[in-house]
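Peer 1: return atomic coordinates for the entry below.
(one chain, ligands or ions: 2)
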Amino acid sequence: MKIAVFAGDGIGPEVVHEAVRVLEKLDLPGMELIEGDVGGAAWRKHGHPLPQATIDIAHAADAILFGSVGDFDCDHLERHLRPEQAILGLRKELTLFANLRPATVFKGLEDLTTLRAEVASQIDLLIVRELNGDVYFGEKGVRTLDDGRRQGWDMMSYAEDEVRRIAHVAFRAAQGRQGRLCSVDKANVLETSQLWRDVVIEVAAEYPDVELSHMYVDNAAMQLVKNPGQFDVVVTGNLFGDILSDQASMCVGSIGLLASASLGETQTQYGTKGLYEPIHGSAPDIAGQGKANPMAQILSAAMMLRHSFGLEEQAARIEKAVATALANGVKGGDLGGSAGTREIGDAVVSAL
Ligand code: IPM
Ligand code: MG
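Peer 2: Residues are numbered from 1 along each chain as shown. Ligands and ions are numbered 1, 2, ... in the order given. Here you go, the predicted model:
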């Protein structure tokens, strides 16, 4: 079981350290961890946010445990050298096109949401975000118009096969949940979205047991705060998914607890190859202070065991240990508590 460990920037190394301790505590036979540099940290050492050596490690691994990338010191760099290119590059290089971002309210933490607790407590949704296409990966540039004005432009597009494969992932996810899928687009304005909607409807024919609905993205943003309990699985493109998944995470009020999986179609001898990362970013403001909550990173490791290694029992054990630590009042600053990174890691390890 080869696991690539890419800690990255900001709080990444601190929280990844705790997740690794949790994995080691499980004492899984044959587990091998291989570290690699990504993000601003990699740029400092090697002059590139995603060095070839890191790509090689990623290819050779069965799964990737990813921390976070992002570093204000790199804001002046050309786009291809910015830390974010590490995660974007890995998603593309490994064809990890399906991003699963579940959001649920943790028991006992209902008061953390900025929504009314009775609204937020209904949240149990999964956002399935497409990761390899859209305006993220289209041609882009800044050009000078005839009259001398500068114009920035980014090309938005989706090919039908790109929509079809993410739709299948979403329909299958809905089958394993409450059987409801809401596809989010902007088909009233965008051609890209109209094709998206047409293809999702075509794929729906293969899933008669799933109830499909469609929603414009602006309405979805509103419904997410008005009545988030209505959603089971949401499928959407790269840009809308980026925005809505941050929104959903704040609706539950604890971004420091939310993990995500990025999957493709590569099967290893253990399961589906994937990359696992917390939803929160590199949080440079608290980096290196031992304050960051490692729970989302630890829960990302649990997702990894489930999806990439078929170790459902061990994944559930980690999730239960996190819940136990929370129930014992071990909470990071993001949850209104005062426990530090190490202390939270200790609590999860001892609960295991
Ligand atoms: C995310 C992040 C990334 C994205 C950034 C870091 C490039 O916001 O994973 O949601 O936009 O996809
Ligand atoms: Mg984002």
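
Peer 1: need the pLDDT of the nearest residue to Ala283 once chain neighbours are set aside.
Peer 2: Spatial nearest neighbour of Ala283, excluding adjacent residues (C-beta to C-beta, 6 or more residues apart in numbering): Ile11 at 4.7 Å. No exception for glycine: its C-beta is placed from N, CA and C like everyone else's. Note for Ile11: predicted pLDDT of 98.

Peer 1: in the host helix or strand of Ala347, what counts as buried?
Peer 2: Using DSSP states H and E, Ala347 sits within helix 341-351. Buried positions in helix 341-351, judged by neighbour count with 16 or more other C-beta atoms under 10 Å: 341, 343-349, 351.

Peer 1: sorry, back to before: how far away is the residue nearest to Ala283 from Lys226?
Peer 2: 33 Å (C-beta to C-beta, to the nearest Å).

Peer 1: between these two, who's got more neighbours?
Peer 2: Ile11 (30 against 12; other C-beta atoms under 10 Å).

Peer 1: which secondary element of the protein has the worst mean pLDDT?
Peer 2: In the chain, no helix or strand scores lower on mean pLDDT, DSSP states H and E than helix 117-120, which sits at a mean of 89.

Peer 1: so which elements touch the strand or helix carrying Val15?
Peer 2: Secondary structure assignment for Val15, by DSSP H and E: helix 12-26. With contacts taken as 3 or more C-beta pairs under 8 Å, 6 or more residues apart in numbering; DSSP states H and E, helix 12-26 sits against strand 2-8, helix 39-46, strand 63-68, helix 295-309, helix 312-327, helix 341-351.

Peer 1: for the ones you listed, which one sits closest to ligand 1?
Peer 2: Taking C-beta to the nearest ligand atom, strand 63-68 is the member of the helices and strands packed on helix 12-26 nearest to ligand 1, at 7.9 Å.

Peer 1: now the closest one: mean pLDDT?
Peer 2: The predicted confidence, averaged over strand 63-68, sits at 98.

Peer 1: that one near ligand 1 anywhere?
Peer 2: No. Judged by C-beta under 6 Å from any ligand atom, strand 63-68 makes no contact with ligand 1; its nearest approach is 7.9 Å.

Peer 1: partners of that strand in the sheet?
Peer 2: Sheet pairing of strand 63-68 (DSSP bridges) gives strand 2-8 (parallel), strand 272-278 (parallel).

Peer 1: dump those strands into a markdown table; add distance to ligand 1 and mean neighbour count as well.
Peer 2: Output for the strands paired with strand 63-68, formatted as a markdown table (distance: least, C-beta to the nearest ligand atom, whole Å; neighbours: other C-beta atoms under 10 Å):
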| stretch | distance to ligand 1 | mean neighbour count |
| --- | --- | --- |
| strand 2-8 | 10 | 24 |
| strand 272-278 | 7 | 26 |
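
Peer 1: save these as JSON lines, and put in mean pLDDT too.
Peer 2: Shown next, in JSON lines, are the strands paired with strand 63-68 (pLDDT from 0 to 100):
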{"stretch": "strand 2-8", "mean pLDDT": "98"}
{"stretch": "strand 272-278", "mean pLDDT": "97"}
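
Peer 1: okay, these in TSV with distance to Asp111 next?
Peer 2: TSV is the format used below for these (distance: least, C-beta to C-beta, whole Å):
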stretch	distance to Asp111
strand 2-8	32
strand 272-278	22
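
Peer 1: ok, which of those strands comes nearest Leu195?
Peer 2: strand 272-278 (26.9 Å; C-beta to C-beta).

Peer 1: give the buried residues for stretch 217-231.
Peer 2: 217, 220-221, 224, 228, 231.

Peer 1: and that stretch, C-alpha only, in PDB?
Peer 2: Presented in PDB, the C-alpha positions along stretch 217-231 are these (Å, rounded to 0.1, in the frame of the first residue of the first chain):
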ATOM      1  CA  VAL A 217     -26.300  27.900  -9.800                       C
ATOM      2  CA  ASP A 218     -27.500  31.300  -8.400                       C
ATOM      3  CA  ASN A 219     -30.700  29.600  -7.100                       C
ATOM      4  CA  ALA A 220     -28.600  26.700  -5.700                       C
ATOM      5  CA  ALA A 221     -26.500  29.200  -3.800                       C
ATOM      6  CA  MET A 222     -29.700  30.600  -2.300                       C
ATOM      7  CA  GLN A 223     -31.300  27.300  -1.600                       C
ATOM      8  CA  LEU A 224     -28.100  26.100   0.200                       C
ATOM      9  CA  VAL A 225     -28.600  28.700   2.900                       C
ATOM     10  CA  LYS A 226     -32.400  28.700   2.800                       C
ATOM     11  CA  ASN A 227     -33.100  25.000   2.900                       C
ATOM     12  CA  PRO A 228     -29.900  22.900   2.600                       C
ATOM     13  CA  GLY A 229     -31.700  19.800   3.900                       C
ATOM     14  CA  GLN A 230     -33.400  19.400   0.500                       C
ATOM     15  CA  PHE A 231     -30.100  18.300  -1.100                       C
END
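
Peer 1: no further queries at this time; thank you.
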